[in-house]
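Engineer: prediction below, plus the sequence it came from.
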Amino acid sequence: MTCPRSEDCVTGQLIVFTGPSGVGKGTLLHRLLEHHPDIQLSISATTRQPRPGEVHGQHYYFVSRAEFETMVEQGQLLEWAEFAGNYYGTPRQPLDALMAEGHVVILEIELDGARQVRQSLPTARQIFVLPPSVAELEVRIRERGQDSEAAIAKRLARAQVEIAAADEFDIQIINDDLDRALIELEQAVFGSTHLTAALPPSPLATQPPT
Ligand SMILES: Nc1nc2c(ncn2[C@@H]2O[C@H](COP(=O)(O)OP(=O)(O)O)[C@@H](O)[C@H]2O)c(=O)[nH]1
Ligand SMILES: Nc1ncnc2c1ncn2[C@@H]1O[C@H](COP(=O)(O)OP(=O)(O)O)[C@@H](O)[C@H]1O
C-alpha cells in the first residue's frame, strides 16, 4: 500500500467484506482493485468445485474435504466455516505476510467467518453489502447462471440469516447502483477521514468532495 503522506495512511489494515451470495461482492471488489491495485485480496481455501473461469491459486485454493480438514487440524486457518454444503477458510500464513508488509487486505468471507474474525482481530473493519431487495438478489444469482437450483435454494435461504445480521457490521453498503456502491466501498476501505483526503479524487467520484 503506497501513500503520498505516511501519516495520513492506514497501513496493514484488515477489511472483512461480507454479503449474501449474488449480492455483488466479487463485482465490487473487481472494480475496486481496478482503481486501487495495491489492495490485496486474501485467497481462501474451499472444497467447492471451481466455477467456469475460476483458477486454482487465483480465485481460491480448491482442495478436497480431507485436505481442508487437515488445514483445520494443523491450525493453518485464521477462520473457517461450512457454507451451502462446502467448506471455506482463510489461510493464516499468507495473510500474516501481507499484513506484515503493511498492505490493505480484504477478506471476502461469509457471516460465521466474519464473526470469528470479530473475536480474534477486533480492529478489522467489517463491511456488509446488502441487495436492494431479496427479489433483486434472487434475480442476480439466477442471472449469474453459475449455481444449480439446489445451490441457489441453499444460498437464498442463508441470505435471510445474513441480511438479518447486517447491523453487526461497522458499515453497510446497499449495492443498488454499482457506481455509487463502489464509491461507498472505496470510502469505507480507506476511511472518509483518512486516505481519501490524501489521494487524488477518485475517478469514480461524480460529486465534488464535501
Ligand atoms: N468463512 C469464510 N467464507 C468464505 C471464504 N471465502 C469465501 N467465503 C464466502 O463463502 C460464500 C460462498 O462463496 P462462493 O461459493 O464463492 O459464492 P458467491 O458468494 O456466490 O460468490 C460467500 O459468502 C463468500 O464470501 C473464507 O475463506 N472463509
Ligand atoms: N449493482 C448491481 N446491479 C445489477 N447487477 C449486479 C450489481 N452488482 C452485481 N451484479 C450482478 O449480480 C451477479 C452477482 O454478482 P457477484 O459479484 O458474482 O456476487 P457475489 O460475489 O456477491 O456472489 C453478477 O451477475 C453481477 O454482474
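Structural biologist: Perfect, thanks for sending it. Ligands and ions are numbered 1, 2, ... in the order given.

Engineer: which residue comes closest to the residue of the chain found nearest ligand 1 once chain neighbours are left out?
Structural biologist: Nearest residue of the chain to ligand 1 (CB to the nearest ligand atom) works out as Gly113 at 2.4 Å. Backbone N, C-alpha and C define where each C-beta goes, glycine included. Nearest residue to Gly113 in three dimensions, chain neighbours excluded: Glu79, at 4.4 Å (CB to CB, 6 or more residues apart in numbering).

Engineer: lowest-confidence helix or strand of the chain?
Structural biologist: The least trusted helix or strand in the chain, going by mean pLDDT, DSSP states H and E, turns out to be helix 196-198, with a mean of 37.

Engineer: got phi/psi on Gln49?
Structural biologist: phi -70, psi 150 (degrees, to the nearest 10).

Engineer: low pLDDT regions in the protein?
Structural biologist: 1-11, 192-210 (pLDDT under 70).

Engineer: residues contacting the residue nearest the centre of it?
Structural biologist: Note on the chain: the residue nearest the mean C-alpha position is Glu108, at 2.4 Å, using CA atoms, centre = their mean. Contacts for Glu108 (CB atoms under 8 Å, 6 or more residues apart in numbering) come out as Phe17, Thr18, Lys25, Gly26, Leu29, Leu41, Ser42, Ser44.

Engineer: helices or strands next to the helix or strand harbouring Leu33 in the packing?
Structural biologist: Using DSSP states H and E, Leu33 sits in helix 25-35. Contact partners of helix 25-35 among helices and strands, from 3 or more CB pairs under 8 Å, 6 or more residues apart in numbering; DSSP states H and E: strand 14-18, strand 105-108, helix 178-190.

Engineer: mind doing that once more with 7 Å?
Structural biologist: strand 105-108, helix 178-190 (3 or more CB pairs under 7 Å, 6 or more residues apart in numbering; DSSP states H and E).

Engineer: other SSEs contacting the next helix or strand after that helix?
Structural biologist: Following helix 25-35 in sequence order, the next helix or strand is strand 40-41 (DSSP H and E). Judged by 3+ CB pairs under 7 Å, 6+ apart, strand 40-41 is in contact with strand 105-108.

Engineer: so in that sheet, which strands flank the strand it packs on, and in what orientation?
Structural biologist: strand 14-18 (parallel), strand 40-41 (parallel) (DSSP bridges).

Engineer: with just CA atoms, put that strand into PDB.
Structural biologist: Extracted C-alpha coordinates of strand 105-108, given in PDB (Å, rounded to 0.1, in the frame of the first residue of the first chain):
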ATOM      1  CA  VAL A 105      -6.000  -6.700   2.900                       C
ATOM      2  CA  ILE A 106      -9.600  -7.700   2.200                       C
ATOM      3  CA  LEU A 107     -11.200 -10.900   3.400                       C
ATOM      4  CA  GLU A 108     -14.300 -11.700   1.300                       C
END
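
Engineer: quick one: that strand near ligand 2?
Structural biologist: No. Shown here: strand 105-108 not in contact with ligand 2 (CB under 6 Å from any ligand atom), separated by at least 7.5 Å.
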